[in-house]
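J.: Quick one: sequence and predicted model below, then my questions.
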Amino acid sequence: MRLAAMIALSLLATMAAPAPSEARRAAVGGGEASVYLGNVDLALLANALETTPLVEPRDRRISPDLAAAWPTIGEEGARSRFLAGLVSSDAGRLWTLVPHGDAKPLAGILAACLSGSDAWPARALRAAGTEVTVGTAGERVTLSFSSPVGAVLALLRGCASPDGPFLAAGDSGWTANPAAAGGRPHLDTVTVVTTPGEAALLAATSGAAGELLVAPWPDVWLLVPDEAAKDADPLDLGVAGEGLSRFSDELAADLILAVHRGGRGAATTHLLPPGVAPARSMAVALGRAPAPPLTLLPLPADAPSLRVAHQAADELAGALLERLALLLRARGWAVTGAESKGAPAAHIVRWRPSTPDTGLALLTLAADLDLPLPPDSAEGLLSATRAERTSAALTIERQWLDARLVVPLLTAERTLTVSPRLVGVRVRGDGAPVLDDAWWVSP
Amino acid sequence: MAVVLFSVGVATVVYLREVSARLVADQQARSATAERLVHADLLRLQQRLDREVGHVLDPRGVAATLSSRGSAAERWTWAASRLEPGRVDVLSVLGDQGEVLTSGHWPASLGARDPAIAQMSGLQGDEPTLLMQAVPSGSVPAFVRWGTGRWGSQQVTAVAGRIMDSTAIEGLRAVAGADLLAVCPPSAPCVVTVAEGVQEPSSTFDPDDAAWTRALRLGSPYPGLWLGVDRSALQTLRRRVRLRALVVALAGALLAMGIGLVLSRRIARPVEALARAADEVAAGDFHAAGRVPASDIAEVQRLVSAFAEMGGHIERSRDELVRAERVAAWQEIARGLAHELKNPLTPIQASMDVIRRARRLDRADFDEILDEQAGAVVEEVQRLKELADSFSRFARLPDPRPEALDPRALLDGVVSLYATKNVEVRRTYPEDDPGLVADRTQLHTALSNLVKNAIEAAEETDRPPTLHLTIVASDPLLIAIEDSGPGVAPELQDRLFTPYVTTKGSRGTGLGLALVHRIAVEHRGSISVGRSERLAGARFELRLPLGRQGS
């Protein structure tokens, strides 16, 4: 009898227990999440903790009641806690936004995000040569562009409200924000630790124990030569039809990724990675003669040299430089690094698109690397139709590749390793962890 | 004490040499142990590398499979999994052109031609061989083992090895217990490690460099590998042995010298003083015996006292002898004088007898007889008078009053008094004044007698009368007077300076040369006679001490 009662009570408890996504709200929150940054930028982490995006993609993991509170806006199924809707006019030169709350705070956020700041939407608009004026009209917020802009909603995804789930509390620490736009988070504090061993909770390094979260799109490593190096073309990229593909074969990116990233990445002959641009196959030249063996013999003292710079903390960039040095030595070029004096002739750059939108991503790439845009290309890149934006971006990408303004090297996934007991962690498009809905489960 | 010190020093040296021998034996044992341990380590390495090479070359192995169906990443993943830090640091698979098909230790070298392939093709890779291995930072020495095989139709070379950088060498050195381990790959500088506390010589390591071999005994059990056991302690010990032996020897020598000095001062000096005093006594200074300093050594003091007493005895004996000689001399002189006196008295008596007989006989020529006999008596009386005068001069010779004089001038003055124009006078004088201190009057008298005799003798022969005067500036001063006369018979030379001995017959008093002799003696000099070789006559040598004013 007693046993039957216990079993019945357990079943009732189980049945009464809310769904996990709702049980978190009912469970006693708290706890600290320690973050080992690894490849996550501290500023990026702070942005993810202290802000709330104005527009978020539809996420099926959000509970139905929250989803009901955040209606979709636009045609792409985006959600927003701050906007009820938006309307364009004047062929996309004027946009009117309907906020949930006061218009002025939203106007302030938009003004900072779309112009005068280093946020990617502002960089994209600057690269496109488009200026924006933010204003209010009663309870509405107006965006007035100097040229037609159709991808406003995609741009707004790069803007965020400062009332994020956490508040900064001293160096490398955050506490829960009770007045967060999305409600107080479950975690009490978030701290940054300096060694992976101390983290043990949330680590941003591959190979550690835990659940591996992968960012929606990878980072891209690019070789950016100056004008003289581009013209010299020591890598023979100008060979029609096969220069870049042959170089990609010689680069052996899969080997480099296997050594340094556990194989999480891929060789590439494109600038926009999968997830930002449609997946594209790499060109393979059939019937190509095998490359002659590289040489490890020292070069003569009068050999031409190429100084290549890269970020010192970037291990993968160092490995790429090492491989490039061998490829160039086989062609009679000496490669020097940071130890040599003088301006670098080329840079190995690690670039991460800030947005999955192909057109806007290309605009940010143009802004980040100061790449030229063809005249009248802004309209296509800021078109209201994603397909048009994609097509315009891919065309410009091909132009840049053909002109050897940028040389793609490889892509590598950006990953986060999360403790198995910490659930609800998401990864933003920029690779930053999102902890507004994270909580601890009992062991 | 010197003997004791020497004995201690010898014992110390013997002990240190024994310690040195033990140290040598210990170093030899350490060296043998180190070589054995290194050999064992390299044998294990060879076995390990053999296994890796075998894995790679196995045509049915994973590597061969991946070569045809795997990607570069998969091949590297396999090769990297075979690495074992400190054991297998190098693992590469090379194609038929020596290009890297995969490299576990340097994945970026994919497709590059390994520079060591040329050496490998010329050498057997059955044993670990020291080669320069290409790495991202350049090249490092490594013990590598390689083998060739076929993956299907492709010839491949599998290379496995252990990097011998300074860290690896230091680890091997520590395990072996050696003081030095050096790896010298061909055509590359040596990589050397030494144990803590072992002073590394300042010169760059070179197996043929004697500077290293002096400090460390080196062996070469494997080409390119050098083991060393520090000999600096042994060398230091040997230096100390030699140094101590030298110090002991020097100390002993110094001690002996010191003892000798002390002994010389305490014994030798008094003996030397005695010897000098003996010389002085022999020279006539009998008071020198009493001037020998006293000694604190009883034996030496007894000797000094005995010598002083002896000196006194000698002086008294000499005085007595001198007195006896004087008495004898005067007795002789008296006899001689009496004899000489009788000579003129006899003719005087005879003349008086003739005069008395002639008067008794009342001879008619009594006046003639009286004149003749009176003349003879007067001659004899004159002779008596001369005899008395010379004897008076001889007897009343005063004590010398020395003064500084030039003997050259004095002798020339005497010669000018007595030499006639027919007498040739030759001289051999010193250029400078010899500095003679003597009684001028007495010396003049002596030289006068000698010069007169020489002139008279020179005029007796048929040869041209010649005198040769010689003064030698020595101490004693030598004044030699040679004549071309008949010389002095040898039987007379010894007695020539005795009073009343003369070669002049009745013309001489016999006291001239005796006076010269007495003057010489008074001046502590001497007079001698001999034959003149140059003039074939007589040679008289007067020797006088130079003396000092006031002595």
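T.: Done, it's in. Residues are numbered from 1 along each chain as shown, chains lettered A, B, ... in the order given.

J.: dump the residue contacts of residue 432.
T.: As the question left the chain open, I've gone with chain A. The neighbourhood of residue A:432, defined by CB atoms under 8 Å, 6 or more residues apart in numbering or on different chains, consists of A:40, A:41, A:44, A:45, A:47, A:48. In short, each C-beta sits where N, CA and C put it, glycine included.

J.: Sorry, I should have been clearer: chain B.
T.: residue B:473.

J.: Tell me the spacing between it and chain A.
T.: Distance from residue B:432 to chain A, counting by CB to the nearest CB, to the nearest Å: 89 Å.

J.: picking up where we left off before, between the contacts of residue A:432, which has the most around it?
T.: Going through those with other CB atoms under 10 Å in any protein chain shown as the criterion, the one with the most neighbours is residue A:48, at 26 neighbours.

J.: remind me which residues of the stretch 301-443 of chain A are low pLDDT?
T.: Within the stretch 301-443 of chain A, the segments meeting pLDDT under 70 span A:338-341, A:443.

J.: Tell me the residues of it that contact chain B?
T.: If contact is defined as CB under 8 Å from any CB of the partner chain, the residues of the stretch 301-443 of chain A in contact with chain B are A:319, A:322, A:323, A:326, A:330.

J.: distance of the first one from residue B:92?
T.: Distance, residue A:319 to residue B:92, using CB to CB, to the nearest Å: 18 Å.

J.: which of these two has more neighbours?
T.: Set residue A:319 next to residue B:92 and count neighbours by other CB under 10 Å: residue B:92 wins out with 26 against 23.

J.: quick one, what contacts the residue of the stretch 151-300 of chain B found nearest chain A?
T.: Taking CB to the nearest CB, chain A has its nearest neighbour within the stretch 151-300 of chain B at residue B:154, 12.1 Å off. Listed by CB under 8 Å, 6+ apart, the contact set of residue B:154 reads B:67, B:95, B:96.

J.: Nearest to chain A among these?
T.: Comparing every one of the contacts of residue B:154 with chain A (CB to the nearest CB), the shortest separation belongs to residue B:95, at 7.8 Å.

J.: Could you count how many residues lie near the closest one?
T.: With neighbours defined by other CB under 10 Å, the count for residue B:95 comes to 19.

J.: right, and it touches residue B:159 too?
T.: No. Contact criterion CB atoms under 8 Å: residue B:95 and residue B:159 do not qualify, at 11.9 Å.

J.: Please give the element, helix or strand, for residue B:120.
T.: When secondary structure is defined by DSSP states H and E, residue B:120 falls within helix B:117-122.

J.: what's that helix packed up against?
T.: Taking 3 or more CB pairs under 8 Å, 6 or more residues apart in numbering or on different chains; DSSP states H and E as the contact definition, the neighbouring helices and strands of helix B:117-122 are strand B:154-163.

J.: what about 10 Å?
T.: Applying 3 or more CB pairs under 10 Å, 6 or more residues apart in numbering or on different chains; DSSP states H and E, we find helix B:117-122 packed against strand B:90-94, strand B:129-135, strand B:138-151, strand B:154-163.

J.: re earlier: in JSON lines: the residues of the stretch 301-443 of chain A next to chain B, plus secondary structure.
T.: Rendered in JSON lines, the data for those read as follows (DSSP: H, G, I helix; E, B strand; the rest coil):
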{"residue": "A:319", "secondary structure": "helix"}
{"residue": "A:322", "secondary structure": "helix"}
{"residue": "A:323", "secondary structure": "helix"}
{"residue": "A:326", "secondary structure": "helix"}
{"residue": "A:330", "secondary structure": "helix"}
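
J.: Report the two of the residues you listed separated the most.
T.: A:319 and A:330 (17.5 Å; CB to CB).

J.: and the nearest residue to residue B:472 once chain neighbours are set aside, what element?
T.: Here the nearest residue to residue B:472 in space, its sequence neighbours aside, is residue B:478; by CB to CB, 6 or more residues apart in numbering or on different chains that works out to 4.0 Å. Secondary structure here is read from DSSP H and E; on that basis residue B:478 sits in strand B:477-483.

J.: In the sheet, which strands lie alongside that strand, parallel or antiparallel?
T.: Here the strand partners of strand B:477-483, with direction, are listed using DSSP bridges: strand B:466-472 (antiparallel), strand B:538-544 (antiparallel).
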